[in-house]
Each structure stands twice: as structure tokens, then as C-alpha cells.
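Novice: Quick one, what's the 3D model for this:
(one chain, ligands or ions: 2)
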Amino acid sequence: MTTTEAAGAELRDLLISRIRDVQDYPQPGVVFKDITPLLADPVAFSALVDALAELCRKHAATKVVGLEARGFILAAPAAARAHLGFVPVRKAGKLPGPTLAQGYDLEYGSAEIEVHADAFGPGDRVIIIDDVLATGGTAEAALDLIRRTGASVVGVSVLLELGFLAGRERLAPQLKGAPLDALLTL
Ligand SMILES: O=P(O)(O)OC[C@H]1O[C@H](OP(=O)(O)OP(=O)(O)O)[C@H](O)[C@@H]1O
Ligand SMILES: Nc1ncnc2[nH]cnc12
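Specialist: Ligands and ions are numbered 1, 2, ... in the order given. This next block holds a predicted model:
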């Protein structure tokens, strides 16, 4: 799916105007895409949540996964707006129940994520929502993790894809046909 298919030009212009570049954060050479101005704008934030909720409906998801931490800020309201349950995928050591875990590398480091082993039921159709797709390491780990619970993934949706880091190409084999929707691509 192209950017213009995922978000109309007007919405795209609004969203992009509220994302700020921070040079050399969190390490030299990285241009950090800061979404806090977007979150602080009620019109832009609400329009973003609407667009993500629409993707949840379009893919007939039954559960919405958000990836800690910025993914939570987008996925939880999108889930509520689509009348679906929200499941947190957390950084290691934060979930109290039995978990499955997956390690990964991202643009500026490495980490481990976890999900409750019993988070999904039979037949659950999971959509993964995050703010940024950069190298695709985080999304790849989340795909693996969720599939290991036995659930199926029906889509990965992000606000912003950094196309020059080729996360989409990296993810293609792991998507196994599930759509990757980016509202914006740079
Ligand atoms: O495509 P990748 O190279 O894997 O990078 C993308 C990930 O990086 C950021 O998360 P981060 O781990 O910085 O966590 P945060 O949401 O807690 O800030 C972002 O929210 C994505 O989850
Ligand atoms: N350049 C970037 N800006 C914001 N979040 C990111 N996650 C990974 N790379 C990122």
C-alpha cells in the first residue's frame, strides 16, 4: 500500500507538519523523528487515531497490539475507537504473568520484548501498531513473538516508515502476506 492510499493528502500534510526532526538523538548520526508535537495537537492526534482505527476495521482485526512505549500511545486509543481489546507488548521484565520473549536489534540499540503467553485466544486476528518503522527489527521481533503465541497477524500499521532504512524489505518475508500500512513514508 502506498502512503497516499493509507492516508489522504490533507491528513498526510497535517501529520508530517507535526513531526519534528532531532539531530543526533539518541546517538550521533541518527535523525530522531519526534512525534510529541503531533500528540500535543488534538486535531492531528485524533485524526491519526481515526486513521489507525480504520485500518483495524479494514483488516478485521480482533486484537490490537501496541509496542512499548510509543506504540502504546497510538494503539490503545485506536483499539478503543475500533471497539477492540488492546494487548501490550512490553520491554522485558514488565509483565507479571507467564510470558514469551524475543530479542532484537533496532536502529540505535538492542532490546527484548515480551507478551503474556495467554494474551490471545483461538482465532484471534492481531494488528500490530507502532509509531515508526525504521530498520524493521522491532516489528520483525513482534511478528515472531505474536505468532509464537499461536495467534495470526493480519497487519502491521505504523504512523511513519523511514524508507531509506529498508525495513519494509527486511520485513517482507516475515509478513507472510500480511499488509504493512504506513500513513507516512519518508
Ligand atoms: O524499526 P526499528 O529500527 O526496530 O525501530 C523502530 C522502533 O524504535 C522505536 O522504539 P524504541 O525502542 O526507541 O522505544 P520507545 O517507543 O520506548 O521510545 C520505535 O517506537 C519503534 O518501536
Ligand atoms: N529515527 C528514528 N526516529 C524515531 N524513532 C525511531 N525508532 C527507530 N529509529 C527512529
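
Novice: rest of the way, CA atoms for contacts and neighbours
Specialist: OK.

Novice: in this structure, which spans are helices?
Specialist: Along the chain, the segments classed as helices by DSSP state H run 3-6, 9-17, 36-40, 42-58, 70-81, 137-148, 167-175.

Novice: can the second one be found next to ligand 2?
Specialist: No. Applying CA under 6 Å from any ligand atom, one finds helix 9-17 separated from ligand 2 by no less than 13.2 Å.

Novice: Spatially central residue for this structure, please.
Specialist: residue 130 (1.8 Å; CA atoms, centre = their mean).

Novice: Of the helices of the chain, which shows the lowest average pLDDT?
Specialist: Set side by side, the helices of the chain give their lowest mean pLDDT on helix 3-6, at a mean of 53.

Novice: isn't residue 89 right up against residue 65?
Specialist: Yes. With contact defined as CA atoms under 8 Å, residue 89 reaches residue 65; the gap is 6.6 Å.

Novice: Contacts for stretch 30-45, please.
Specialist: By CA atoms under 8 Å, 6 or more residues apart in numbering, the residues outside stretch 30-45 that reach it are 14-15, 18-26, 108.

Novice: can you do 10 Å?
Specialist: The contact list for stretch 30-45, computed with CA atoms under 10 Å, 6 or more residues apart in numbering, reads 11-12, 14-26, 46-48, 50-51, 70, 73-74, 77, 107-108, 131-132, 159-160, 162.

Novice: rewinding a little: could you export the helices of the chain as a markdown table, including mean neighbour count?
Specialist: Shown next, in a markdown table, are the helices of the chain (neighbours: other CA atoms under 10 Å):
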| stretch | mean neighbour count |
| --- | --- |
| helix 3-6 | 16 |
| helix 9-17 | 16 |
| helix 36-40 | 15 |
| helix 42-58 | 19 |
| helix 70-81 | 21 |
| helix 137-148 | 21 |
| helix 167-175 | 16 |
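
Novice: closest to residue 184 out of the ones you listed?
Specialist: Checking those against residue 184 by CA to CA gives helix 3-6 as the closest, at 5.4 Å.

Novice: could you measure the residue in the chain sticking out farthest from the centre against residue 151, distance?
Specialist: What lies farthest from the middle of the chain is residue 28; by CA atoms, centre = their mean that is 24.5 Å. Per CA to CA, to the nearest Å, residue 28 is found 38 Å from residue 151.
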